[in-house]
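[1] build me a model:
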Amino acid sequence: MSDGMNLGQEITVRAPAKVNLCIRILDRLPNGYHELWSLMHSVDVFDHLNIRLNPDHDRIHIRCDNHGLPVDQRNLVYRATEAVLRRAEQSIGVDIVLQKAIPLAAGLGGGSSDAAAMIYGLNHLLKLEWELPYMSEVGAELGSDIPFFFHAPCAVVRGWGQEVIPCVLPGQRWVVLVNPGFPIETKWAYEQLASCRSHVQPLSPWTASVEEGLSISWAEAIEAMENDFEPSLFPVYPILEFIKEKLRALGAGAALLSGSGATVFGVFDDPERAHAAAKQLRDDTQWLVFDAPMGSAGLSHTPALYEATPEGLPV
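    Numbers count the residues shown, from 1 in each chain. A predicted model of the protein is given here:
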């Protein structure tokens with residue numbers, strides 16, 4: 001146990017959602033993952049993790065307001081906690097309350113963001129002083145999207161998710177997220193993609209220019225928005241293509257499936273238009289709809305993401 005550790009200290013960490021402004025799925029790697037190239041951006045829709053060190057026991061205890069999410073070793077937050085304690089050679093109880101806003105299995109990276117937030121939060125509580133590359137390494141062992149959240153708000157993600165290149169996307173945009181209410185399992189989505197395409201399209205020269213310049217305009221990003229999962233998933237779930245067309249009709253500059261779905265998002269250059277589109281969709285459908293700014297910071301960039309919480313974890 002670290003000397004001087006303030007046992008019983010607790011914090012709240014915000015875990016943002018993400019969207020894939022571009023996602024290309026390339027060949028399968030020897031480790032079983034597919035190689036990918038993606039331009040990711042965080043979105044200001046947040047899960048919240050209340051984390052407390054508890055010297056009265058040595059277990060990991062998670063409570064979650066979404067009862068569809070397991071709170072044992074199947075949960076990425078649980079496994080992230082185990083990984084940090086193992087590497088830090090610590091034995092102490094950790095009490096966690098996970099408040100979910102990001103839907104499950106939705107292509108928005110909620111589980112990965114929660115795991116990144118957990119690693120970052122324990123690094124703070126245990127006074128480990130781990131640097132970003134080390135926290136990313138811990139996260140990469142648990143899931144392919146986790147390293148991105150240490151480099152948000154915007155980054156190119158390569159390999160199987162472990163290679164992250166932060167880049168600048170200046171200017172503010174707003175996003176409307178539309179989730180039709182059903183999950184898409186990532187493994188199945190990859191299998192569907194593999195069965196539906198005959199070959200892999202090579203990356204365009206634009207992807208190399210982004211990596212070299214480390215900066216891109218919103219006009220370029222919108223022009224290049226692409227998701228390799230769409231051709232294989234839209235025939236199975238026609239509602240996804242309908243949502244994409246609906247968002248364009250409501251004024252989005254572009255719309256796309258995020259990750260392997262099932263959330264579709266539209267990018268707006270005006271907050272009022274985004275809000276109006278979201279309101280109409282909420283009024284007319286039973287879909288889960290968010291309108292929010294594109295993220296302006298990531299876990300590791302804004303210490304204010306840590307907020308003191310009162311004594312006692314919320315139920």
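[2] show me where pLDDT drops low in the chain?
    1-8, 299-315 (pLDDT under 70).
[3] how does it look with 80?
    The chain contains residues with pLDDT under 80 at 1-8, 29-33, 213, 297-315.
[4] show me the longest strand that occurs in it.
    strand 34-54 (DSSP state E).
[5] that strand - contacts with which helices or strands?
    Helices and strands touching strand 34-54, by 3 or more Cβ pairs under 8 Å, 6 or more residues apart in numbering; DSSP states H and E, are strand 10-28, strand 93-99, helix 110-125, strand 154-158, strand 174-179, strand 288-293. Just so you know, the C-beta spots here come from the backbone N, C-alpha and C atoms, and that holds for glycine as well.
[6] now the first one and strand 34-54, what's the angle there?
    Inter-element angle recorded for strand 10-28 and strand 34-54: 160 degrees (by axes from the mean of the first three to the mean of the last three Cα atoms, to 10 degrees).
[7] what strands line up against strand 10-28, and which way round?
    Strand 10-28 has its sheet partners listed here by DSSP bridges as strand 34-54 (antiparallel), strand 226-227 (parallel), strand 306-307 (antiparallel).
[8] got JSON lines for those, with mean neighbour count too?
    Shown next, in JSON lines, are the strands paired with strand 10-28 (neighbours: other Cβ atoms under 10 Å):
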{"stretch": "strand 34-54", "mean neighbour count": "22"}
{"stretch": "strand 226-227", "mean neighbour count": "20"}
{"stretch": "strand 306-307", "mean neighbour count": "14"}
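[9] which one of these lies nearest to residue 175?
    Nearest to residue 175 among those is strand 34-54; the distance by Cβ to Cβ comes to 5.6 Å.
[10] now the angle from that closest one to helix 110-125?
    Per the same axes, to 10 degrees, the angle that strand 34-54 makes with helix 110-125 is 50 degrees.
[11] now do strand 34-54 against strand 93-99, angle only.
    120 degrees.
[12] what's the angle from strand 34-54 to strand 174-179?
    Orientation check (the same axes, to 10 degrees): strand 34-54 against strand 174-179 gives 90 degrees.
[13] next one: whatever helix or strand comes next after strand 34-54 to chain centre, how far?
    Once strand 34-54 ends, the next helix or strand along the chain (criterion: DSSP states H and E) is strand 60-64. Strand 60-64 sits 20 Å away from the centroid of its parent chain (Cα atoms, centre = their mean, to the nearest Å).
[14] and for strand 60-64, what's in contact with it?
    Identification of contacts with strand 60-64 by Cβ atoms under 8 Å, 6 or more residues apart in numbering yields 54, 71, 75, 77-78, 81-82, 93-100, 313, 315.
[15] 7 Å - rerun?
    Outside of strand 60-64, the residues within contact range by Cβ atoms under 7 Å, 6 or more residues apart in numbering are 71, 75, 77-78, 81-82, 94-98, 100.
[16] and residue 254, how far is that from residue 180?
    Distance check for residue 254 against residue 180: by Cβ to Cβ, to the nearest Å, it reads 19 Å.
[17] likewise residue 66?
    Taking Cβ to Cβ, one finds residue 66 at 17 Å from residue 180.
[18] what do you get for residue 124?
    37 Å.
[19] go on, residue 60?
    Computed as Cβ to Cβ, the residue 60 to residue 180 distance reads 33 Å.
[20] again with residue 253
    For residue 253, the distance to residue 180 equals 22 Å [Cβ to Cβ].
[21] likewise for residue 16?
    Distance of residue 16 to residue 180, given as Cβ to Cβ: 22 Å.
[22] more neighbours, these two?
    Neighbour count, other Cβ atoms under 10 Å: between residue 16 and residue 180, residue 16 has more, with 27 against 20.
[23] was I right to think residue 218 contacts residue 171?
    Yes. Contact status for residue 218 versus residue 171: in contact at 5.4 Å, counting by Cβ atoms under 7 Å.
[24] residue 25 versus residue 124, what's the distance?
    For residue 124, the distance to residue 25 - Cβ to Cβ - is 35 Å.
[25] the two - which one has more neighbours?
    The neighbour comparison of residue 124 against residue 25 (other Cβ under 10 Å) goes to residue 25, with 22 against 18.
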